[in-house]
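*Asks:* what's the 3D shape of this:
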Amino acid sequence: MAAKPSQKEFADRLDANQSFVSVVEKGVVRMDALQIRDWCEAAGVSMEAWLKVFGALLEAREALRGDSRTQDRP
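*Replies:* Numbering: from 1, shown residues only. Sure, this is the predicted structure:
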């Protein structure tokens, strides 16, 4: 298993600063689709793979909450 990069190392991959990585990791800011794409590339993960995992996590969260919005979906 590869060592986890520091925030500074990851920020360098993103061509961003360390404080941006920090606020994203803390959930202080939300990223748009292009930023998510760049984050995935810097992490060495395809955006398609990320979307599958993210979708599954959202479905699990909604199921735990008994979210009525999931009942209207096809």
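*Asks:* excluding its backbone neighbours, what's nearest Lys8?
*Replies:* Excluding the flanking residues, the one nearest Lys8 by CB to CB, 6 or more residues apart in numbering is Gln18, at 4.8 Å. (Each C-beta comes from the backbone N, C-alpha and C, glycine too.)
*Asks:* Quick check: that neighbour vs Leu58, distance?
*Replies:* Applying CB to CB, to the nearest Å, the value for Gln18 to Leu58 is 29 Å.
*Asks:* Let me see the contact set for the residue nearest to Lys8.
*Replies:* Gln7, Lys8, Ala11 (CB atoms under 8 Å, 6 or more residues apart in numbering).
*Asks:* Equivalent analysis for Ser19, please.
*Replies:* Counting by CB under 8 Å, 6+ apart, Ser19 has no contacts.
*Asks:* just the one 10 residues further on next, same as before
*Replies:* With CB under 8 Å, 6+ apart as the criterion, the residues that contact Val29 are Phe20, Val23.
*Asks:* 10 Å instead, please
*Replies:* Taking CB atoms under 10 Å, 6 or more residues apart in numbering, we find Val29 in contact with Phe20, Ser22, Val23, Gln35.
*Asks:* now these: which count as buried?
*Replies:* Listed as buried from these are Phe20; burial here means 16 or more other CB atoms under 10 Å.
*Asks:* Looking at the contacts of Val29, which are in helices?
*Replies:* Taking DSSP state H as the definition of helices, those contribute Phe20, Ser22, Val23, Gln35.
*Asks:* can you pull the pLDDT of the second one?
*Replies:* At Ser22, the model reports a pLDDT of 97.
*Asks:* before we move on, what about Lys4?
*Replies:* On the pLDDT scale, Lys4 is placed at 88.
*Asks:* OK, contacts around it?
*Replies:* Phe10 are the contacts of Lys4 under CB under 10 Å, 6+ apart.
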